[in-house]
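Novice: kindly generate the corresponding structure for this input.
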Amino acid sequence: MAVSKRFILLTALIVVLSVSCYGVEIEPNLTLDKIAQASEKTSVNTNPTRLGQTDADEITNLLLAAFAALGTVLTWQAIRRESKQQQIKRTFQSKILSDLIRHMYRNKVCICATHWKLQEEGFDRYYPSEEHLLKLKLLPEDLRFDRFDNTPDFYDILHELELKFRNFNIEVDVSLEHLKQQNIDEKTKIRDLEVLEFKSQLLTSDIINLMHTLKLPIEEEKNKRPGESALRYTTMESGNTDQNGLRKKFHAEIPLEYIENVRKFLASKSARYSKLHPAELPSKPCRPDHRNERTGYFDDVLQLSEYLDNDIKGEYPKIHLIEFRA
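Specialist: Numbering: from 1, shown residues only. Sure thing, here's the model as predicted:
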């Protein structure tokens, strides 16, 4: 573009000078000097000005700003997507652990109903159908704790709980094997069932502690309405010294409000189960009178005695016993 401008101006100047030469006689040297001066001025006029350089800088800055804005938008979208995924992940984690609490409560119900029925019918005459004990086990998917925030802060807790889950499954197998053998004494079989009952409550307390550590709420399924029980729900008693001492032993750093939410969750599950499977033996005692720290967690810490009794009475008729062959 600059070369074209120079060529046009130089041509115009030569034409003007040529026309002037017709009226005035000019010396050759003077004409050449004028041509040189005109060429020099043309060259200066066609050089980039400071204004042109400024415009280029502004365009460059605008481009850089546009790229920076684009990067900011993309970063914001990535953070928003990550935050949403993290929120979904936390909800998923909460549902898994909440359902494990429900599962452990049902384990307690099933073990007590099985124990009660065998004690009435005779450990040396019958053994429970395998399904009743096998359903106590934890699913392999529940042991995949890599789905959680497996950071160094929580790795030890998660790994320890995973080992406890595996040990519980082994103890279920051992108890079932003993119950199916007629020559094993009643004391051993009762001990096995009490171990399963104790481990169910121990794992429940561990799961609750883990949820509180991960700052996860107890999660009720949104597409299901809370069950309505014949039992009127009342809040937990906080004035009982023994119960408070036991609660602090299992959940030293968890406030009472959090434990109350766990209790409401299990009471709702119990109400839903009772509606589907009403108790058929309401007047019969279903458990031994004596309780201790190994068997009284759901009764004394979570204060669910009435719900447990109803659920055990509802489960009792469903326990199928098989008679030993002579």
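Novice: pretty sure residue 251 sits against residue 206.
Specialist: No. In this structure, residue 251 is not within contact of residue 206 by C-beta atoms under 8 Å, at 10.3 Å. From N, CA and C alone the C-beta is placed, and that goes for glycine too.
Novice: excluding chain neighbours, what is closest to residue 129?
Specialist: residue 320 (4.3 Å; C-beta to C-beta, 6 or more residues apart in numbering).
Novice: against residue 61, how distant is the one you found?
Specialist: 81 Å (C-beta to C-beta, to the nearest Å).
Novice: burial measure for residue 265, as a count.
Specialist: Around residue 265 there are 19 other residues, counting by other C-beta atoms under 10 Å.
Novice: cool, and residue 173?
Specialist: Counted by other C-beta under 10 Å, the residues lying close to residue 173 total 12.
Novice: what comes up buried for the helix or strand hosting it?
Specialist: Residue 173 belongs to helix 152-179 when assigned by DSSP states H and E. Within helix 152-179, the residues scored as buried using 16 or more other C-beta atoms under 10 Å are 154, 157-158, 161-162, 165, 168-169, 171-172, 175-176, 178-179.
Novice: same list (those) but as CSV, adding distance to residue 247 and pLDDT.
Specialist: Listed next are those as CSV, based on distance: C-beta to C-beta, whole Å; pLDDT from 0 to 100:
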residue, distance to residue 247, pLDDT
154, 23, 77
157, 20, 83
158, 24, 82
161, 20, 88
162, 25, 86
165, 24, 92
168, 23, 95
169, 28, 94
171, 26, 96
172, 28, 96
175, 28, 96
176, 33, 96
178, 33, 96
179, 33, 96
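Novice: can I get the residues you listed in CSV including distance to residue 106?
Specialist: Shown next, in CSV, are these (distance: C-beta to C-beta, whole Å):
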residue, distance to residue 106
154, 26
157, 24
158, 23
161, 19
162, 21
165, 16
168, 14
169, 16
171, 17
172, 14
175, 17
176, 17
178, 22
179, 19
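Novice: and these, which is closest to residue 98?
Specialist: The closest of those to residue 98 turns out to be residue 161 (C-beta to C-beta; 15.0 Å).
Novice: the closest one: what's it in contact with?
Specialist: By C-beta atoms under 8 Å, 6 or more residues apart in numbering, the contact set of residue 161 is 145, 203, 206, 207, 210.
Novice: thinking again about what came up before, give me the more crowded residue out of residue 320 and residue 61.
Specialist: Set residue 320 next to residue 61 and count neighbours by other C-beta under 10 Å: residue 320 wins out with 13 against 10.
Novice: only the buried residues of stretch 266-279, if you could.
Specialist: Across stretch 266-279, burial judged by 16+ other C-beta under 10 Å covers 266, 267, 268, 269, 270, 271, 272, 273, 274, 279.
Novice: my read: the fourth one touches residue 102, true?
Specialist: If I follow you right, that is residue 269. Yes. Residue 269 lies in contact with residue 102 (C-beta under 8 Å); the separation is 5.2 Å.
Novice: and residue 252, that one's in a strand?
Specialist: No. Counting by DSSP: H, G, I helix; E, B strand; the rest coil, one finds residue 252 to be coil, located in no strand.
Novice: who's in contact with stretch 198-207?
Specialist: Outside stretch 198-207, the residues within contact range by C-beta under 8 Å, 6+ apart are 97, 100-101, 104-105, 107-108, 111, 136, 161, 164-165, 167-168, 171, 250-251, 294-295, 297-298, 301.
Novice: again with stretch 107-123
Specialist: With contact meaning C-beta under 8 Å, 6+ apart, stretch 107-123 is reached by 126-128, 132-133, 135-136, 179, 186, 189-190, 193-194, 196-197, 200-201, 286-287, 298, 308, 311-312, 315-316, 318-319, 321.
Novice: try 6 Å
Specialist: Stretch 107-123 has contacts (C-beta atoms under 6 Å, 6 or more residues apart in numbering) with 128, 132, 136, 186, 189, 193, 196-197, 200, 286-287, 298, 311-312, 315-316, 319, 321.
Novice: could you pull out the strands in the stretch 51-200 of the chain for me?
Specialist: 126-128 (DSSP state E, counting those that start in this stretch).
Novice: low-confidence regions, it specifically.
Specialist: Residues of the stretch 51-200 of the chain that meet the criterion pLDDT under 70 lie in 51-58, 62, 67, 73-74, 76-88, 140-152.
Novice: apply 90 and report the result again.
Specialist: Flagging of the stretch 51-200 of the chain using pLDDT under 90 yields the residue ranges 51-96, 138-163.
Novice: mind listing the helices for it?
Specialist: Using DSSP state H, counting those that start in this stretch, the helices of the stretch 51-200 of the chain run over residues 130-134, 152-179, 186-213.
Novice: export stretch 95-106 as PDB, just CAs?
Specialist: Only the C-alpha atoms of stretch 95-106 are listed here, as PDB (Å, rounded to 0.1, in the frame of the first residue of the first chain):
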ATOM      1  CA  LYS A  95     -28.000 -42.000  50.600                       C
ATOM      2  CA  ILE A  96     -25.500 -45.000  50.600                       C
ATOM      3  CA  LEU A  97     -24.600 -44.500  54.300                       C
ATOM      4  CA  SER A  98     -28.200 -43.700  55.400                       C
ATOM      5  CA  ASP A  99     -29.400 -46.900  53.700                       C
ATOM      6  CA  LEU A 100     -26.600 -48.800  55.500                       C
ATOM      7  CA  ILE A 101     -28.000 -47.500  58.900                       C
ATOM      8  CA  ARG A 102     -31.400 -48.700  57.900                       C
ATOM      9  CA  HIS A 103     -29.900 -52.100  56.800                       C
ATOM     10  CA  MET A 104     -28.200 -52.500  60.200                       C
ATOM     11  CA  TYR A 105     -31.400 -51.700  62.000                       C
ATOM     12  CA  ARG A 106     -33.200 -54.400  60.000                       C
END
